[in-house]
Structures are given as structure tokens and as C-alpha cells.
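Q: fold the following, please.
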Amino acid sequence: MNEADIVGTYITGEWSKGGYAGGRIIPTHDEIAQLAFSLYEARGRRDGYDVEDWLRAEQELVHHYS
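A: Residues are numbered from 1 along each chain as shown. The predicted model follows:
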């Protein structure tokens, strides 16, 4: 599974407890952390990309909620 697949399955709710955001317009810290960790795992747990993973996860989730 590549990073785009990871993001797609997370955002559609296939990995989480559901896709409903409860009316929020921004993701929670935990949602960003979960997606960022999934991106890290998809890369084979190689260190050194934590900031990039966090920013990508945040960007993808913000885009999803908007």
C-alpha cells in the first residue's frame, strides 16, 4: 500500500471508527497523529520525516473537512 492509499483509506473512514467529523471543520490532534503514523509505517518506519508526515496528514485532513 502506498502513501496515497494510506491517506485515502484513512480519510474515507476505512481505518478509523468512521468518517463523520461531528461537524468540525478542522481535524483533531489525534486524527493527525494517527494518519502521520500511518504514513511513517507505509514508508517502512524510516526516521527523519516526522515533520513532513505531520504536515501532509494535517493538510490532507483539513482538505477533507473543507
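Q: burial measure for residue 48, as a count.
A: Using other Cβ atoms under 10 Å, residue 48 has 7 other residues around it. All C-beta atoms are positioned from the backbone trio N, CA, C, and that covers glycine.
Q: can you check residue 52 too?
A: Neighbourhood size, residue 52 [other Cβ under 10 Å]: 13.
Q: and the gap between it and residue 30?
A: Distance, residue 52 to residue 30, by Cβ to Cβ, to the nearest Å: 19 Å.
Q: contact partners for residue 49?
A: By Cβ atoms under 8 Å, 6 or more residues apart in numbering, the contact list for residue 49 reads 40, 43.
Q: quick check: phi and psi at it.
A: Dihedral pair for residue 49: phi -120, psi 20, per degrees, to the nearest 10.
Q: pLDDT wise, what is it at?
A: We have a pLDDT of 96 for residue 49.
Q: so who does residue 50 touch?
A: Under the criterion of Cβ under 8 Å, 6+ apart, the neighbours of residue 50 are 36, 40.
Q: the same query, at a cut-off of 6 Å, please.
A: Under the criterion of Cβ atoms under 6 Å, 6 or more residues apart in numbering, residue 50 has no contact partners.
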